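Student: Coordinates for the following, if possible.
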Amino acid sequence: MENDLEQPVNTSPAYPSDAPFTEWMGVVEIVSKPGEVHLQVQQRHDLNNRRQLVHGGVLATVLDSAMARAARAHGTGVEFAGTVDLHVQFMLPAEGTLVAMGRVESSSRSLAFCRGEVHNQAGVLVASATATMRLRRAG
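Tutor: From the prediction side, this is the model:
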């Protein structure tokens, strides 16, 4: 019989798979593979700026989320990817259905260097980003 004291103790908090904020935004994961995640968000009134276009903060959020999820999906045992650095470039106004892609370009045990893009429903690039993610591994 095994001794209970020899069993590993999981002291890390359990994290939900989706953040409440991105759930509220209506972000849906449409592709997930090792090191790459695609998210979709549909424009709605409360995500708009004063010009009735998707607010830049929505684009930054969906890019950040796609890259963080890609970092979590990149390696085994990653339970959390926290943004250390985020740079967003806005190319064009965004509206309609948007798809964000996050991809890990390279990584170490504790950091992932990511790239992301948001395309509109016509496939036109409207925003891009780079990020550095701090990785926390389970155990």
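Student: When you work out contacts or count neighbours from here on, use the C-alpha atoms and nothing else.
Tutor: Fine.
Student: Quick check, central residue of the chain?
Tutor: Nearest to the geometric centre of the chain sits residue 65, at 2.0 Å (Cα atoms, centre = their mean).
Student: which residues pair with residue 80 across the strands?
Tutor: Partner residues in beta bridges with residue 80, using DSSP bridges, are residue 136.
Student: what's the burial count for it?
Tutor: As a burial measure, residue 80 scores 19 neighbours (other Cα atoms under 10 Å).
Student: Work out the gap between the top helix by length along the chain and the centre of the chain.
Tutor: When every helix of the chain is counted residue by residue (DSSP state H), the longest turns out to be helix 56-74. Distance of helix 56-74 from the chain centroid (Cα atoms, centre = their mean, to the nearest Å) equals 2 Å.
Student: Check which residues of that helix are buried.
Tutor: For helix 56-74, the neighbour count (16 or more other Cα atoms under 10 Å) marks 56, 58-74 as buried.
Student: Convert the C-alpha atoms of that helix to PDB, please.
Tutor: In PDB, the C-alpha atoms belonging to helix 56-74 read as follows (Å, rounded to 0.1, in the frame of the first residue of the first chain):
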ATOM      1  CA  GLY A  56      -9.100  48.700 -30.200                       C
ATOM      2  CA  GLY A  57      -9.200  47.300 -26.700                       C
ATOM      3  CA  VAL A  58     -11.200  44.400 -28.000                       C
ATOM      4  CA  LEU A  59      -8.600  43.700 -30.700                       C
ATOM      5  CA  ALA A  60      -5.800  43.900 -28.100                       C
ATOM      6  CA  THR A  61      -7.700  41.600 -25.800                       C
ATOM      7  CA  VAL A  62      -8.500  38.900 -28.400                       C
ATOM      8  CA  LEU A  63      -4.900  39.000 -29.600                       C
ATOM      9  CA  ASP A  64      -3.600  38.700 -26.000                       C
ATOM     10  CA  SER A  65      -5.900  35.800 -25.300                       C
ATOM     11  CA  ALA A  66      -5.100  34.000 -28.600                       C
ATOM     12  CA  MET A  67      -1.300  34.200 -27.800                       C
ATOM     13  CA  ALA A  68      -1.700  33.200 -24.200                       C
ATOM     14  CA  ARG A  69      -3.800  30.200 -25.200                       C
ATOM     15  CA  ALA A  70      -1.300  29.200 -27.900                       C
ATOM     16  CA  ALA A  71       1.500  29.400 -25.200                       C
ATOM     17  CA  ARG A  72      -0.600  27.100 -22.900                       C
ATOM     18  CA  ALA A  73      -1.200  24.700 -25.800                       C
ATOM     19  CA  HIS A  74       2.500  24.700 -26.900                       C
END
